[in-house]
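Visitor: Structure for this input, please:
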Amino acid sequence: MALPSDLLSRSPAEAARRVALDSLDEARKAATRLLEQSDSRSLHDFRVAIRRLRSTLRAWKSEFAGSVGGKHRRELKEIQNATNASRDSEVGLEWLAKQAGLEAGHDSGRAWLTRRLEKRFAKSQARVRESVSSDFENLKRRLRPRLETLHVDVKMTDDATGQRFGTLLATRLREHSQRLTELLSEVKSAANQAPAHAARIQLKRLRYLAEPAECCVSETKDMLKSSKQLQDILGELNDLHVLGAELDDALDEFTTDARSKSGPPAERTGLLELALRSQARREELFATLQRDWLSAETPLTTRVEALAQAVAAGSGLEIERKYLLSALPPLPRGHSSAEIEQGWLPGKQLRERIRRVHDADGTRYFRTLKLGKGIARTEIEESTTADVFDALWPLTSGARVHKRRHKVAAGDLVWEIDEFIGRDLWLAEIELDDADQKIDVPEWLAPWIVRDVTDEKGFTNLELSAS
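Guide: Numbering: from 1, shown residues only. Prediction:
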């Protein structure tokens, strides 16, 4: 199921269930592919979907109280653990396949270990398919109705608006980020596997927590990009640790097995060369981790904070559609009009807009920040004074728009027709209560609509200000 574009403005209990159902659906699709053995990515996709679901149920425990609890989370963990051997064998085989340029005669060690991991992978895959076909299918049937049903107790004395998902998500993003920073500070060397592994798990939790905001807030993309960079380093460190243990076991086996002692030494020395390569790569990864990520202020922590601010603001989401018109339509009686001058202050990621509005009620001034794109965007606006506007206005040179805005009521909604001064451009906007709300275009407007330009960047006022 697709997450709604106004997810951040919904209640935490509803939003968390939608996120969990989305992960459950992804796990179901991957499980089908895994059972059919239709592609090599099915195991990875199944594990990711199960981890996302576990992480969601854990992060929003209080929101799932009474419907999904610790027993269900433990069952999901057992299902994921059943796939660990397959995953470790698969990763080990991929690493071995990339090890070119071994010393002459040492490739027999790689071939020996490859055969060993291939046997283990085939055996573990059979157990995975059995677990998926029984345990996961059973749990899925019990989980879905619990996630699809939400019981709400309403007290007439309560604030009708309540807390929104975006507000609570911002708090939990900061909490997860702080915990990640604490765990990373404990990683002192490539040998500190325990804190590095704990940091890797915490990073995944942070990433899964943030991912649902991608439907609504553009800042999510940068945060996820940074988290992926760190996750790749921590993930490879963990994989090399697991592989290192496998190589150590293999070397011990050759050392203690009398038959191996009398066998060709190339296999033992080949395994030793692979172990040395594994250790060298771990040291290289730790050096990168130490240089770029083991500090209190990293690209990730900065972007988590930017995302937290955006999702908190996104609780007051602006949902609107925009249409390009061929000309100014004949406006019905009773419409109101205002003249608007607005400009944008310099900036890279954040562009503050200042606006002067003159209508029948006089002149008013506003400062506004808009985040995101498409039908649903975050908008934060407050009134300001003429003195502040006059002081900031010179800074907007080269990024200004001058237009007349005509407002026409249509039932509970209002159409805003923008007539741009100094250019042949007319746009119609309508603000909605829900992203999926049906729009009835009035007869006086329909003939003048050229197309829907809601998702076209070139028709945002900021883009138009520079053209």
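Visitor: where along this protein do the strands fall?
Guide: 317-325, 336-344, 353-359, 362-371, 376-384, 400-410, 413-420, 426-431, 449-452 (DSSP state E).
Visitor: Show the pLDDT at the nearest residue to Arg127 once chain neighbours are set aside.
Guide: Leaving aside its sequence neighbours, Arg127 sits nearest to Ala82 (Cβ to Cβ, 6 or more residues apart in numbering; 6.3 Å). From N, CA and C alone the C-beta is placed, and that goes for glycine too. Ala82 carries a pLDDT score of 89 in this model.
Visitor: now Ala82: how far from Arg129?
Guide: Going from Ala82 to Arg129 by Cβ to Cβ, to the nearest Å gives 10 Å.
Visitor: if we can go back for a sec, now the residue nearest to Arg127: phi and psi?
Guide: phi -70, psi -20 (degrees, to the nearest 10).
Visitor: Can we start the residue count at 720 from this point?
Guide: Fine by me, first position is 720 from now on; the one you just mentioned is Ala801.
Visitor: Look up how far Leu962 lies from it.
Guide: Computed as Cβ to Cβ, the Ala801 to Leu962 distance reads 21 Å.
Visitor: now do Thr890
Guide: 38 Å.
Visitor: And those two? Which one has more around it.
Guide: Set side by side, Thr890 and Leu962 show more neighbours around Leu962, with 22 against 12, by other Cβ atoms under 10 Å.
Visitor: what's the closest non-adjacent residue to that one?
Guide: Using Cβ to Cβ, 6+ apart and skipping residues adjacent in sequence, the residue nearest Leu962 is Gly811, 5.2 Å away.
Visitor: Kindly report the same for Gly989.
Guide: For Gly989, the spatially nearest residue (Cβ to Cβ, 6+ apart) is Gly828, at 2.1 Å.
Visitor: before we move on, back to that, looking at the strands of the chain, which has the lowest confidence?
Guide: Among the strands of the chain, strand 1095-1103 carries the lowest mean pLDDT (a mean of 69).
Visitor: State the number of residues packed around the residue nearest to Leu962.
Guide: 23.
Visitor: quick one, what contacts it?
Guide: With Cβ atoms under 8 Å, 6 or more residues apart in numbering as the criterion, the residues that contact Gly811 are Leu832, Leu836, Asp958, Val961, Leu962, Glu965.
Visitor: The second one and Leu821, how far apart?
Guide: Spelled out, it's Leu836. 17 Å.
Visitor: And these two? Which one has more around it.
Guide: Leu836 (20 against 17).
Visitor: wait, doesn't Asp1078 sit right on Ile1059?
Guide: No. Taking contacts as Cβ atoms under 8 Å, Asp1078 lies outside contact range of Ile1059: 9.1 Å.
Visitor: When these two are compared, which one has more neighbours?
Guide: Shown here are Asp1078 and Ile1059; by other Cβ under 10 Å, Ile1059 has more neighbours (18 against 15).
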